[in-house]
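# can't give you the sequence, but here's the structure:
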């Protein structure tokens, strides 16, 4: 079986161990930049995934990431960060990792070839869900098992990989192949491939939540304020969105029971918090609620 291109030796860095530190760093970062460009090249495919996922979410579906190694850890990071950023339900994004929490924290526990484990983890997938396999090589056994079971259950399946013509591409509804090629350090896909994977997953979840109405303009209006920093960010969001004073924004938040979307909708329309809350419940987004109350 041929090795994926992510395992090739990079001719540009064969002498990297003899270079001054700055030159080595510059070469690594230059390769990372190529990874970002590889991600940009598949933006159209990622947009298709967002639209497919949005349709599923409208029907009550959820997002499941399946990945091992560095790819799986990046997916886990995105899933855990989505809730404080967008205030979505805790199970809207779920990342599955072979071996569970212990393996996630200890890279010496390696179960990426465990296709059976992937199938078992995919038992959590429902017909309206979206299952996304994340694998640099595009052939990870755990991901293959998970996607096969998810598809059997009727879920929409997608693949995010760094391999052109990946083995798993023909086994999913939508493959996204951001081909990054050889790493600066041979086979270390936590580098350029990981960079491409992270920006793709970031763009996917962010665009999906924008599509779902969990922003106003480019502001994080549904953030969950769990600490002082985020409390102050909520106030700044209101200031930036309305040009009102901090004092007025704090008062609006208080009147809305510290519900940022309600406070912002009320401030933008002049409606009371109760009317703003009802409009948000009926429309699902601040922009739509503002249109309803202002119409």
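Perfect, I can see it now. The structure presented is a predicted model; accordingly, all values stated were derived computationally and were not measured. Numbering: from 1, shown residues only.
# in which helix or strand would I find residue 280?
Here residue 280 sits within helix 273-283, counting by DSSP states H and E.
# quick one: contacts for residue 257?
residue 273 (Cβ atoms under 8 Å, 6 or more residues apart in numbering). For the C-beta atoms, the positions are set from N, CA and C on the backbone; glycine is no exception.
# Got the phi and psi for it?
phi 60, psi 40 (degrees, to the nearest 10).
# Kindly state the pLDDT recorded for it?
Here the pLDDT value assigned to residue 257 is 93.
# ok, now residue 234?
As predicted, residue 234 sits at a pLDDT of 92.
# That one against residue 261, yeah?
No - Residue 234 sits out of contact with residue 261 when judged by Cβ atoms under 8 Å, with a separation of 10.4 Å.
# intersection of neighbour lists for those two?
By Cβ under 8 Å, 6+ apart, no residue touches both residue 234 and residue 261.
# and the helix or strand encompassing residue 201, what does it pack onto?
Taking DSSP H and E as the criterion, residue 201 maps to helix 192-211. For helix 192-211, the packing partners by 3 or more Cβ pairs under 8 Å, 6 or more residues apart in numbering; DSSP states H and E come out as helix 21-40, helix 43-58, strand 63-67, helix 69-86, strand 130-135, strand 156-161.
# who's in contact with the longest one?
Pointing back at helix 21-40 there. Applying Cβ under 8 Å, 6+ apart, the contact partners of helix 21-40 are 10, 12-13, 16, 19, 162, 178-181, 183-185, 191-196, 199-200, 203.
# any idea of the angle it forms with helix 43-58?
Interaxial angle of helix 21-40 relative to helix 43-58 (axes from the mean of the first three to the mean of the last three Cα atoms, to 10 degrees): 60 degrees.
# Tell me which residues of helix 21-40 come out buried.
Buried residues in helix 21-40, defined by neighbour count with 16 or more other Cβ atoms under 10 Å: 24, 27-28, 31-32, 35-36, 38-39.
# one step back: now render the helices and strands packed on helix 192-211 as a markdown table, adding mean pLDDT and distance to residue 243.
Putting the helices and strands packed on helix 192-211 into a markdown table (pLDDT from 0 to 100; distance: least, Cβ to Cβ, whole Å) gives the following:
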| stretch | mean pLDDT | distance to residue 243 |
| --- | --- | --- |
| helix 21-40 | 98 | 34 |
| helix 43-58 | 98 | 31 |
| strand 63-67 | 97 | 35 |
| helix 69-86 | 95 | 24 |
| strand 130-135 | 98 | 38 |
| strand 156-161 | 98 | 40 |
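# Generate TSV for these, with distance to residue 172 as supplementary columns.
Below are those laid out as TSV (distance: least, Cβ to Cβ, whole Å):
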stretch	distance to residue 172
helix 21-40	18
helix 43-58	10
strand 63-67	11
helix 69-86	15
strand 130-135	7
strand 156-161	4
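# between the ones you listed, which gets nearest to residue 6?
Nearest to residue 6 among the helices and strands packed on helix 192-211 is strand 156-161 (9.1 Å), distances taken as Cβ to Cβ.
# I'd like the next helix or strand past the closest one.
By DSSP H and E, the next helix or strand past strand 156-161 is strand 174-177.
# ok so, going back, of the helices and strands packed on helix 192-211, which approaches residue 278 most closely?
Nearest to residue 278, of the helices and strands packed on helix 192-211 and by Cβ to Cβ, is helix 43-58 at 20.6 Å.
# dump the residue contacts of the nearest residue to residue 294 once chain neighbours are set aside.
Spatial nearest neighbour of residue 294, excluding adjacent residues (Cβ to Cβ, 6 or more residues apart in numbering): residue 269 at 5.4 Å. Going by Cβ under 8 Å, 6+ apart, residue 269 touches 276, 289-290, 293-294.
# try it again with 7 Å
Listed by Cβ atoms under 7 Å, 6 or more residues apart in numbering, the contact set of residue 269 reads 276, 290, 293-294.
# Most neighbours among the residues you listed, which one is it?
Neighbour counts for the contacts of residue 269, by other Cβ atoms under 10 Å, peak at residue 276, which reaches 28 neighbours.
# how far away is residue 195 from residue 29?
Taking Cβ to Cβ, to the nearest Å as the measure, residue 195 falls 10 Å from residue 29.
# Can you give me every residue that contacts residue 207?
Applying Cβ under 7 Å, 6+ apart, one finds that residue 207 lies in contact with residue 50.
# Please pick the buried ones from the contacts of helix 21-40.
Buried members of the contacts of helix 21-40, scored by 16+ other Cβ under 10 Å, are 10, 13, 162, 178-181, 183-185, 191-196, 199-200, 203.
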